[in-house]
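K.L.:
My questions are about this predicted structure, shown below with the sequence.
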Amino acid sequence: MNTSNKEYDVVIVGGGWAGSLLAYKLAAANKTVLVLESGVAIDGVTSSDDNDQPETYQRGDFMETFYLAMAKTPESPYVQNYNAPRPSVLDIRTTAEDDKIPDNCNQPVKSIDTKGYFIQKGPMPFGSTYERRGGGTSWHWLGTSLRLLPKDFKMASEYKVGVDWPMKYEDLSPYYDEAEYEIGVSADVEEQAIHGITFSKGYVYPMAKIPPTLLDVAMTTGLKNFHWQNIEMKVTGTPAGRNGTPNKMKDGTYYDNGRRQCQGNTNCTPICPIQAKYDATISMKKALMTGNVDIMYQAVAYDIKIDKLTQQVTGIMYKTYETINGGVKDTGVVTGKKYVIAANAIEAAKLLLMSNAPFGVANGSGQVGKNLMDHPVYLAWGLMPKSTFPFRGPLSTSGIETTRDGDFRKTRAAFRIEIGNEGWNWPGGAPYTQLINIVSPGGAVAHGDRNSFGSGLRKQIQKDFTRQFRIGFLMEQLPDANNYIVPSKKCMDNLGIPRPEIHYDLNKYTREGFKAAADAAKAIFSQLKVENANTPPVATGGQFKYDNVTYYSQGAGHVMGTHRMGFNKYDSVTNADMKSWDHDNLYIVGCGSFPTTATANPTLTMSALCFKAADAIIKSF
Ligand SMILES: Cc1cc2nc3c(=O)[nH]c(=O)nc-3n(C[C@H](O)[C@H](O)[C@H](O)COP(=O)(O)OP(=O)(O)OC[C@H]3O[C@@H](n4cnc5c(N)ncnc54)[C@H](O)[C@@H]3O)c2cc1C
Ligand code: SF4
C-alpha cells in the first residue's frame, strides 16, 4: 500500500468541475492541495511529467473517436473506462429490462458494455449521465449558464413545496460574479434583469451575449406578445459559458481569457473542438501553475477514514490501475488537514455511503444519497413554415424564461424552455438518421419520400432539414426521499467497487409539469404554424403514462440533491458552506448540494457555491 508522506492542507476527491475550481481557489490562497482523480489524465493537465501518466488523452483523440462513432451521443467522444466507469445515454432503460442486470454482475466489463453502468431499480430509469476523467462532465456540457431566480431559494416559504435553501440569492450574488468571470460567460445584464435577477452596481458580464440565430429571430418575431396561460412567451438570450465578444472592464481593458471565440459549429455537446466553450481543465491548469497543487490520475477513492473519537476525517483510501481495462494495480491512502468530496452527485454519495460502515460518512441525518433529482426534459419538435437553417451557431442561444416562476409552482413543476439550434438531433438523431431513412428503400420517413437520390434527395434535404427545430422543457423536480442512490450490494466495477443502484420516479408535481409543457408546446406550435413531427423520440427509456397520455422524459445531465445543504443536521448533510454537520474537516461540493432544483441549468450556481465553500475553507485555517 502507498502511504503518502506529504500531508496536504486540502485533499480533494474528483478533478472534474467542482474539484478544479476548488483546487484553483485554494491554491491561489497558498494552500497545498492534492487532487485524486478516478479517470485518465488530459495531456498538459498534470503535476508531473506526462510520461509518468500511464494513459493521457488530448482533445484531438476525443474528436477522432467522435467522428468515428455511429451514434453521436454526449459520451461518444470518450471511451469507456472500466476502472472508473460512467453511464451513457444509450443505457437508459426501462425497469423491465433492468431487472436482468444483476445476472452478469460477476463480469463487470461485459455487464457494463451490455447493460450500462447504473443498476436502475426504477420504477423509472434515471436519464442523466456524467463523465469520469480529468475535467469531469465539463467535457460534454452544453454551456448554458443562467443564474437562479431569487424565489428559487425559497420554495417552501413561497409555495409550500420542497424546502428552502439555507441562503438567499443576495448571499450568492458575489459568488455568481466570480464564477461568471472564471467560466467566461457571454450575456447581457439588462436582458437577464428582466427575469427578476439583480446584479451588483455597474456589473457587466465578461462578454457580450452571443447573437441570436435565425431560428431565435423567427421565434422571437412569431411569439411577439403571444401569451399561454397568461404567461408571455418572451424569447430572450441565454447566458453561455462560451467566448463571445469581450466586454470592456472597469480598468479600460477588454476581458481576455486567452481562448478563441466561438465559431458556431453546433458541436458544444459533446465536445467543443477549439475550447471556445469553458471546460474544467482550464481552471485545473491555472491551479497547477500555482505550484501548490498535485494531481493523481487513475486513483479511485473508495473509503473515507474517520477517527471514531474525534469524528475527524483522517485519510482517503484509493485504488490505482494501469490501463482502462486492466485490474487494480495498487492501493494507497492520502492525508490532509481538510477534505473535499467533489466526485459528482452520484459518485460522491456512493463514496460517502461506502465508507464508515454501516452508517456511512456525513450521514447523521440519513439524507446522503436521497433526494436524487434532475431536470427531466420534455421535447417537442417540428418543421418551421420557412427555412431557419439549423445545425449552425452554438447548440442553444435563446430560450423562454417567463415560465420559470409563478403561483402555479404550488401545484406543478415550473420549467424553462430551451430553443435548440441542432434541428432534430436530440429527439431524432438528425441529420444522420433522417438521411439514412431518406436514401434507404425501406426507411421509415416522417416527411417526404424514401429511396431518394439525385435532385429528389437534394430537394428533400433543402425542404426538410433547413426547417427542423426542437424546443426542450427543463422541468423542476422536488426533493423526494424515495428517489435515491445506494452502493449496489451485488454489482461491482472492474476494481471491485460497488456500482450505483438507483431508485427513481417522477411524482405528480413533475408529471403535472409535463402535462403543462405539452399544452404550452401545442400552443407555441400553433402560433408559429409549425408542422409537428408527431413521432416518438429516438430515446424512449423515460417513457411514462399520465392522465392517459404517453410522455417521453429525457435526462438533462443535471444530477442534483444527493448531499443537500440545509439549516440543521437533522434533515441535511451540510451547512450553507457545504461543510459536513458530522465531520468538522469535511466539505462536500457539487450539484448534490442543491436542496431543490429550480429550472436553471445548475452548474453556474454550483460553481458559485464552490467559491463560497472555498472561502469558508480558507477562513477555517
Ligand atoms: C450532456 C450534458 C450537458 C450538460 N450541459 C449543461 C449546461 O449547459 N449547463 C449546466 O449548468 N450544466 C450542464 N451539465 C451539467 C454539468 O456538466 C455538471 O453539473 C458538472 O459537470 C458537475 O460538476 P462536478 O464537479 O460535480 O462533477 P464532474 O464534472 O462530473 O466531476 C466529477 C469528477 O470526479 C471524479 N470522480 C468520480 N468518482 C471518483 C472517485 N471515487 N475517486 C476520485 N475521483 C472520482 C470524476 O472522474 C470526475 O472527474 C451538462 C451535463 C451533461 C451530461
Ligand atoms: S458552437 Fe462550436 S465553437 Fe462554439 S462553443 Fe459550440 S462547439 Fe465550440
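P.N.:
Yep, it's here. Ligands and ions are numbered 1, 2, ... in the order given.
K.L.:
Dihedrals phi and psi, Thr238?
P.N.:
Per-residue torsions, Thr238: phi -100, psi 120 (degrees, to the nearest 10).
K.L.:
I'd like to know how far the closest residue to it other than its chain neighbours sits from Leu146.
P.N.:
Spatial nearest neighbour of Thr238, chain neighbours left out: Gly399 (5.0 Å); criterion: CB to CB, 6 or more residues apart in numbering. (Glycine included, C-beta is placed from N, CA and C.) Remark: distance between Gly399 and Leu146 (CB to CB, to the nearest Å) = 8 Å.
K.L.:
Touching both of these two, which residues are there?
P.N.:
Contact with both Gly399 and Leu146 is made by residues Thr238, Arg416, according to CB atoms under 8 Å, 6 or more residues apart in numbering.
K.L.:
Pick out the residue in the stretch 501-621 of the chain sitting closest to ligand 1.
P.N.:
Gly557 (2.3 Å; CB to the nearest ligand atom).
K.L.:
can you tell me which residues contact the residue of the chain found nearest ligand 1?
P.N.:
The chain approaches ligand 1 most closely through Gly16 (1.7 Å), counting by CB to the nearest ligand atom. By CB under 8 Å, 6+ apart, the residues touching Gly16 are Glu37, Glu131, Gly135, Gly136, Thr137, Ser138, Ala280, Ala342, Ala343, Asn344.
K.L.:
How about His227?
P.N.:
Met233 are the contacts of His227 under CB under 8 Å, 6+ apart.
K.L.:
What of the one 10 residues further on?
P.N.:
When contacts are counted by CB under 8 Å, 6+ apart, Gly237 is found next to Ala187, Asp188, Glu191, Lys209, Ile210, Pro212, Asp216, Thr397, Ser398.
K.L.:
again, 10 Å this time
P.N.:
186-188, 191-192, 208-212, 216, 220, 397-399, 401 (CB atoms under 10 Å, 6 or more residues apart in numbering).
K.L.:
Could you find the closest non-adjacent residue to it?
P.N.:
That would be Lys209: by CB to CB, 6+ apart, it lies 4.3 Å from Gly237.
K.L.:
Return the residues of the stretch 351-500 of the chain in contact with ligand 2.
P.N.:
Contact residues (CB under 6 Å from any ligand atom) of the stretch 351-500 of the chain with ligand 2: Pro394.
K.L.:
residue boundaries of the strands in the stretch 351-500 of the chain?
P.N.:
Under the criterion DSSP state E, counting those that start in this stretch, the stretch 351-500 of the chain carries strands at the ranges 377-383, 398-400, 415-420, 468-475, 484-492, 498-504.
K.L.:
Switch those over to JSON lines; also include distance to Asn5 and mean neighbour count.
P.N.:
Putting these into JSON lines (distance: least, CB to CB, whole Å; neighbours: other CB atoms under 10 Å) gives the following:
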{"stretch": "strand 377-383", "distance to Asn5": "49", "mean neighbour count": "24"}
{"stretch": "strand 398-400", "distance to Asn5": "52", "mean neighbour count": "24"}
{"stretch": "strand 415-420", "distance to Asn5": "50", "mean neighbour count": "24"}
{"stretch": "strand 468-475", "distance to Asn5": "48", "mean neighbour count": "26"}
{"stretch": "strand 484-492", "distance to Asn5": "31", "mean neighbour count": "19"}
{"stretch": "strand 498-504", "distance to Asn5": "30", "mean neighbour count": "22"}
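K.L.:
TSV please, covering these and showing distance to Asn243 and mean pLDDT.
P.N.:
Formatted as TSV, these follow (distance: least, CB to CB, whole Å; pLDDT from 0 to 100):
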stretch	distance to Asn243	mean pLDDT
strand 377-383	26	97
strand 398-400	18	98
strand 415-420	20	98
strand 468-475	24	97
strand 484-492	35	94
strand 498-504	35	95
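K.L.:
so can I have TSV of the ones you listed showing distance to Gln460?
P.N.:
Below are those laid out as TSV (distance: least, CB to CB, whole Å):
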stretch	distance to Gln460
strand 377-383	12
strand 398-400	28
strand 415-420	21
strand 468-475	12
strand 484-492	45
strand 498-504	40
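K.L.:
which residues does Pro595 contact?
P.N.:
Pro595 neighbours (CB under 10 Å, 6+ apart): 153, 155-156, 162-167, 371, 373, 479, 560-561, 564-567, 571-572.
K.L.:
partners of the helix or strand Val333 falls within in the sheet?
P.N.:
Element membership for Val333, per DSSP states H and E: strand 328-341. Strand pairing for strand 328-341, using DSSP bridges, gives strand 2-13 (parallel), strand 313-321 (antiparallel), strand 586-588 (parallel).
K.L.:
how about the nearest residue to Asp279 once chain neighbours are set aside, what does it touch?
P.N.:
Leaving aside its chain neighbours, Asp279 sits nearest to Ser138 (4.2 Å; criterion: CB to CB, 6+ apart). Contact analysis of Ser138 by CB under 10 Å, 6+ apart lists 16-18, 20, 131, 183, 241, 277-284, 603.
K.L.:
how far away is Ser138 from Glu55?
P.N.:
19 Å.
K.L.:
before we move on, back to that, now do the residue nearest to Gly237: how many residues are near it, please.
P.N.:
Lys209 has 23 neighbours, counted by other CB atoms under 10 Å.
K.L.:
And for Arg467?
P.N.:
21.
K.L.:
how near is it to Ser607?
P.N.:
37 Å.
K.L.:
Show me what the closest residue to Ile194 other than its chain neighbours is bridged to.
P.N.:
Distances taken as CB to CB, 6+ apart place Thr236 nearest to Ile194, at 6.5 Å, with adjacent residues excluded. Under the criterion DSSP bridges, Thr236 forms beta bridges with Gly399.
K.L.:
From Leu528, how far off is Thr236?
P.N.:
Thr236 is 17 Å from Leu528, by CB to CB.
K.L.:
what do you get for Gly237?
P.N.:
19 Å.
K.L.:
Quick one: mean pLDDT over stretch 610-617.
P.N.:
For stretch 610-617, the mean pLDDT works out to 98.
K.L.:
distance of Lys490 from Pro212?
P.N.:
Lys490 is 51 Å from Pro212, by CB to CB.
K.L.:
sorry, that was for Ile502
P.N.:
Separation of Ile502 from Pro212 (CB to CB): 38 Å.
K.L.:
what do you get for Glu501?
P.N.:
44 Å.
K.L.:
before we move on, the earlier item: the residue nearest to Gly237 contacts Asp188, correct?
P.N.:
Yes: in this structure, Lys209 is within contact of Asp188 by CB atoms under 10 Å, at 4.3 Å.
K.L.:
any shared contact partners between those two?
P.N.:
In contact with both Lys209 and Asp188: Thr236, Gly237, Pro239, using CB under 10 Å, 6+ apart.
K.L.:
Nice, that's everything, thank you.
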